[in-house]
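Student: just need the structure, nothing else, for what follows:
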Amino acid sequence: MANPGNVARGLKSAISNPNTSEEAKERAAGRLAEMEYTGEADSAAAHAGQVQRGHKAAISNPNTSEEAKQHSKDALYDEEETF
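Tutor: Residues are numbered from 1 along each chain as shown. Below you'll find the predicted structure:
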């Protein structure tokens, strides 16, 4: 199953891409509206993906303290063990 957050981002990208046909933009807008109406775009899976990306960003950010980087590494490791 695709991560709903990734799907929503892809649809938003298709809508704003000037190289995308109007027909494809309309389909993407419809699907995105459906996801927002059902709450799928704001689901727990979407939130978990955002949290994971935040931890990955913290690890690679040179302005993040070593303590915070270690916390993010631990959080990502703990998340992997739950799956």
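Student: can you give me the helices in this protein?
Tutor: 4-16, 22-38, 44-60, 66-82 (DSSP state H).
Student: just send the ones you listed back as CSV, with mean neighbour count too.
Tutor: (C-beta placed from N, C-alpha, C; glycine too.) Output for the helices of the chain, formatted as CSV (neighbours: other CB atoms under 10 Å):
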stretch, mean neighbour count
helix 4-16, 16
helix 22-38, 13
helix 44-60, 14
helix 66-82, 12
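Student: can I get those in JSON lines including mean pLDDT?
Tutor: Below are the helices of the chain laid out as JSON lines (pLDDT from 0 to 100):
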{"stretch": "helix 4-16", "mean pLDDT": "90"}
{"stretch": "helix 22-38", "mean pLDDT": "93"}
{"stretch": "helix 44-60", "mean pLDDT": "85"}
{"stretch": "helix 66-82", "mean pLDDT": "86"}
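Student: what about residue 72, distance to residue 58?
Tutor: Distance of residue 72 to residue 58, computed by CB to CB, to the nearest Å: 4 Å.
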